[in-house]
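Peer 1: Next one to model:
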Amino acid sequence: MATFVRLLGFLRDYRLGVWVSGVLAVLAMVATVAIPGLTGAAISAIQAGDRDRLRLLAIAIVAAGVLRLGLTVARRLVAGRVSLGVEVDLRNRVYEHLLGLELGFFDGQQTGQLMSRATVDLQSVRFFLGYGLVLISQAALTVVFAAVALVVINPVLALISLFPIPFVIWIAQRYGRRARPALQEVQQRIGELTAEIEENVGGIRVIKAFAAEDRRERRFSHSVTRVFEQSMISTRMRAFYNPFIGFLPQLGLAALLLVGGRMVINGSLTLGEFTAFYGYLLMLLAPVRTLGWTLGLAQRATASGARLFELLDREPRITAAPDATLLPPGTGRVELRDVSLVYGEDHDAEPALHDVSLTVEAGTTLALVGATGSGKTTLVQLIARLYDPTSGAVLVDGADVRTVDPHALRAQVAVVNDDPFLFSASVHENIAYARGGASREEVVEAARRAQAHDFIATLPDGYDTRVGERGLTLSGGQRQRIAIARALLANPRILVLDDATSSVDASTERQIKQGLGAVMAGRTTFVIAHRLSTIALADEIAILDAGRLVDRGTHDELLRRSPFYREIVEKGMPDQVFLTRKPREPEVAGL
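Peer 2: You can find the predicted model right below:
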């Protein structure tokens, strides 16, 4: 019930439309209720041979039907507008909420599940609030009006005809209690199926490369079967309850024909009254027979609403403080004070970073070196406050990043990852993403500095060429150069190159580094790399191992005192060779 009440809250901004729709529904029901009474009166006029009265009643029945038609059309238009308005608001709210959540939330979520909640679940809620709620309200009005009319005509016969209704209500409540968890599980499994589809489409190149189509098809078939099996549970409940709910009112109709028919024969009830009574009873039974369907609609919306609220109730854990300020003036000095970080909720887990203290002066280039999983990427993600440290503090130009507005902070930190993401847009739009108002000249200049202009010029439409979803129409090296151009266009205080030249050949890497040399001059830069040639760009080198800062110094200093760094140098020549050291190998420790 609490979820249902919260769903009604989405109609708050559409109170006028809901009221207008409700008034139109009431007026339409008044016209509908009038028709059986007019029909009964017409039967009586026929028996009395009153042609003039019969003509007037026939005209009145047509007028009531036309009025009901016009009111119903108007009500559907208003309800449709409310429904679509709720859908727009819900989609915007869900999307805005997702964008406001911290990066750690998405680490533990399936993309397909989030997509399912933002589409399938949202659609169920929208349809119920826009149409289902009106249908349920209209059905309730029909039952009330028709029941009142039955009592007015003949209270005793009304009591006999309506005796199945309490049993219908009891069975409907029982159905609702059983259907809700079953439908919620259906929605959950549909989300899992959506996640499976999204994963298969996103990884189609890997699937094809390893000829894994049969395996993925079997896994997908298993997910489809799970949805089918759970849907069958709901279907079996509907198959029993809906027909049973529809059957019970027929007992009242049979009682009417038996008792009411005898009353007509005995003369205690006129044929006109019996006809009107019969019409009102049919009008009352119609919404009762569809009660199972309307309850199913409400239960599905409630189940979907619970999944939506589970997402919307997840509060962002990285937000701007109430007194957050802009980043103070400076040139990008970065300081980490006793920083530790544990991913996820389990603070007893192994830290990704452990008591790291590090100061990088403004304009300095620092190379972060270490084996895979040593905490290099984690460290630089703290600078832009993509994560908050479990303990310790991160300062940029003297300000704790937790006291700075996140948008202002991230505008001054540009990141180029080893697997850059490009949007399904033009080359120009992808580069200008860092600064929306950038001119074509500024975009071209950034591309030249990233050594991307020459290959962009050979594309079919140059800078207006669309690169396809995630930029898959481009090579890995081309995507990285566009990502570097995007970072350069941002003109940040702090530049992070996370293995940013890993997908380019040695010749292109040299060209990119020539451009980067000018860009990095006077700008605080963090370089994560496994190539000695990339490490050579740095003023200083910091070595991480198992989340700890184990050493720091220049190339010559580390070469003299660090066995780990000597191994990097030995395996990093020539430049094409990558560091592949496993952490804590005994033979390395003995060097």
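Peer 1: Counting neighbours, what do you get for Thr554?
Peer 2: 12 (other C-beta atoms under 10 Å). In this view, the C-beta of every residue, glycine as well, is placed from N, C-alpha and C.
Peer 1: Strands of the stretch 1-150 of the chain, start to end?
Peer 2: Taking DSSP state E, counting those that start in this stretch as the criterion, the stretch 1-150 of the chain carries no strands.
Peer 1: could you pull out the helices for it?
Peer 2: Under the criterion DSSP state H, counting those that start in this stretch, the stretch 1-150 of the chain contains helices at 2-8, 15-48, 51-100, 103-107, 111-116, 122-127, 133-153.
Peer 1: Out of those, indicate the one that is most buried.
Peer 2: Among the helices of the stretch 1-150 of the chain, helix 122-127 has the highest mean neighbour count (mean count of other C-beta atoms under 10 Å), at a mean of 21.
Peer 1: which secondary structure elements does that one contact?
Peer 2: Judged by 3 or more C-beta pairs under 8 Å, 6 or more residues apart in numbering; DSSP states H and E, helix 122-127 is in contact with helix 51-100, helix 291-312.
Peer 1: Of all the helices of the stretch 1-150 of the chain, which one comes closest to Leu382?
Peer 2: Across the helices of the stretch 1-150 of the chain, Leu382 has its closest neighbour in helix 103-107 (11.1 Å, C-beta to C-beta).
Peer 1: Low-confidence stretches in this protein?
Peer 2: Confidence mapping of the chain against pLDDT under 70 gives the ranges 1, 289-292, 345-348, 500-519, 531, 533, 568, 571-591.
Peer 1: List the contacts of Gly100.
Peer 2: The contact partners of Gly100, taken as C-beta atoms under 8 Å, 6 or more residues apart in numbering, are Pro316, Thr319.
Peer 1: Switch the helices of the stretch 1-150 of the chain over to JSON lines; also include distance to Gly246.
Peer 2: Formatted as JSON lines, the helices of the stretch 1-150 of the chain follow (distance: least, C-beta to C-beta, whole Å):
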{"stretch": "helix 2-8", "distance to Gly246": "24"}
{"stretch": "helix 15-48", "distance to Gly246": "20"}
{"stretch": "helix 51-100", "distance to Gly246": "23"}
{"stretch": "helix 103-107", "distance to Gly246": "45"}
{"stretch": "helix 111-116", "distance to Gly246": "32"}
{"stretch": "helix 122-127", "distance to Gly246": "22"}
{"stretch": "helix 133-153", "distance to Gly246": "14"}
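Peer 1: so which of those helices gets nearest Leu532?
Peer 2: That would be helix 103-107 among these, by C-beta to C-beta, at 30.8 Å.
Peer 1: Who are the packing partners of that closest one?
Peer 2: Using 3+ C-beta pairs under 8 Å, 6+ apart: helix 103-107 touches no other helix or strand.
Peer 1: Just the buried residues of stretch 258-272, please?
Peer 2: Under the neighbour-count criterion of 16 or more other C-beta atoms under 10 Å, stretch 258-272 has Gly260, Met263, Leu269, Gly272 buried.
Peer 1: if we can go back for a sec, how about the helices and strands packed on helix 122-127 in CSV, adding distance to Gly191?
Peer 2: Listed next are those as CSV, based on distance: least, C-beta to C-beta, whole Å:
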stretch, distance to Gly191
helix 51-100, 14
helix 291-312, 8
